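Peer 1: fold the stuff below for me.
(one chain, ligands or ions: 1)
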Amino acid sequence: MATTSAATTQQSSLTNTILHGNCIDEMHEMPANSVDFILTDPPYLVNYRDRSGRTIQNDVKADWLKPAMQEAYRVLKPNRVAIMFYGWTKVDEFFAAWKEAGFQPVGHIVFRKTYSSKSRFLSYRHEQAFLLAKGRPPLPKQPVADVIDMPYSGNKLHPTQKPIQPLAQLIRSFTLPGELVLDPFAGSGSSCAAALLTGRRYLGVEMDDEYYQQASERMARVHARTAIRRSS
Ligand SMILES: C[S@@+](CC[C@H](N)C(=O)[O-])C[C@H]1O[C@@H](n2cnc3c(N)ncnc32)[C@H](O)[C@@H]1O
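Peer 2: Residues are numbered from 1 along each chain as shown. Have a look, this model is predicted:
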């Protein structure tokens, strides 16, 4: 059950919070053109289950994909970018949803892993994300490479937990300190943690009770750490 409902979203400051709910509803309550950057890792639509049996909600049917991308486009400020991971086996569905929402693909990022997530026809060792523009964003002064190393996160808090370092690198490249980073599929809050650690504001949304709890507790730890750092 949602502890922070869509109805209360608008009253609460949309900053440094993880909302517990469906991101389509939560974003629907947000003002248009209100976030500076979206960095997110939605379900890959692969019915994933890890060795310990952990699964991901909305990882089978794609009925959420188009409405979520429409809302993401609406809440992103004009002339800004979003970075969205996706599952390569469902690239056509993701691409259709992005294009229909209005996003223009302006780059593609390969995250090189040191381990294989799976071995079949290939030993699968990368994750991927599209860089998507709303309008005509300015170019970064020093563009980051579109191949980025992705160390193993350990997946302690979430079965597909992303490591902080590559996310922090992207946040630094596409935002200024103090700007607002949105992750509508927050999982354990990796993008939100990366945003806070780089001096940005964050807003995460997570629908799963367990992962919402993990993300909230994690962000409390990161807030405590950054407060100690500031006071010393
Ligand atoms: C691939 S995982 C994200 C993992 C995250 N990058 C991390 O490092 O922990 C996608 C997350 O989106 C959540 N999710 C799926 N559909 C959602 C929706 N409509 N609204 C909010 N969260 C959703 C799932 O519960 C899952 O935790």
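Peer 1: let me know whether V81 touches V106 as I believe.
Peer 2: Yes - using Cβ atoms under 8 Å, V81 is in contact with V106, at 7.1 Å. Any C-beta I mention is one placed from the backbone N, CA and C, and that applies to glycine too.
Peer 1: find residues that contact each of those two.
Peer 2: Counting by Cβ atoms under 8 Å, 6 or more residues apart in numbering, the residues touching both V81 and V106 are L131, L132, A133, P137.
Peer 1: packing partners for the host helix or strand of the third one?
Peer 2: Okay, so that is A133. Under the criterion of DSSP states H and E, A133 resides in strand 126-134. For strand 126-134, the packing partners by 3 or more Cβ pairs under 8 Å, 6 or more residues apart in numbering; DSSP states H and E come out as strand 80-85, helix 91-101, strand 104-113.
Peer 1: does the ligand sit close to the longest one?
Peer 2: Read that as helix 91-101. No - judged by Cβ under 6 Å from any ligand atom, helix 91-101 makes no contact with the ligand; its nearest approach is 12.8 Å.
Peer 1: what angle do that helix and strand 104-113 make?
Peer 2: Helix 91-101 runs at 140 degrees relative to strand 104-113, counting by axes from the mean of the first three to the mean of the last three Cα atoms, to 10 degrees.
Peer 1: hang on, the earlier thing: reformat the helices and strands packed on strand 126-134 as CSV; add mean pLDDT, distance to R200 and mean neighbour count.
Peer 2: Shown next, in CSV, are these (pLDDT from 0 to 100; distance: least, Cβ to Cβ, whole Å; neighbours: other Cβ atoms under 10 Å):
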stretch, mean pLDDT, distance to R200, mean neighbour count
strand 80-85, 98, 13, 22
helix 91-101, 98, 23, 16
strand 104-113, 98, 19, 15
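Peer 1: C192: which of those is closest?
Peer 2: strand 80-85 (14.2 Å; Cβ to Cβ).
Peer 1: where does R230 land in three-state SS?
Peer 2: helix (DSSP: H, G, I helix; E, B strand; the rest coil).
Peer 1: roughly how far apart are it and the ligand?
Peer 2: Using Cβ to the nearest ligand atom, to the nearest Å, one gets 25 Å for the distance from R230 to the ligand.
Peer 1: and the chain, which residues reach the ligand?
Peer 2: Counting by Cβ under 6 Å from any ligand atom, the chain sits next to the ligand at 22-24, 41-43, 56-58, 64, 158, 160-162, 185, 187-188, 190, 205-208, 211.
Peer 1: narrow those to those in helices?
Peer 2: Counting by DSSP state H, the part of the residues of the chain next to the ligand found in helices is C23, I24, S190, Y211.
Peer 1: burial count for the first one?
Peer 2: Around C23 sit 26 other residues, with neighbours defined as other Cβ atoms under 10 Å.
Peer 1: can you count the residues close to G154?
Peer 2: For G154, using other Cβ under 10 Å, the count is 8.
Peer 1: got the contact list for D59?
Peer 2: When contacts are counted by Cβ under 8 Å, 6+ apart, D59 touches P43, Y44, L45, V46, N47, Y48.
Peer 1: which of these sits closest to the ligand?
Peer 2: Nearest to the ligand among the contacts of D59: P43, at 5.1 Å, using Cβ to the nearest ligand atom.
Peer 1: check whether the closest one really touches T55, as I assumed.
Peer 2: No - between P43 and T55 no contact is recorded; they are 9.8 Å apart, counting by Cβ under 8 Å.
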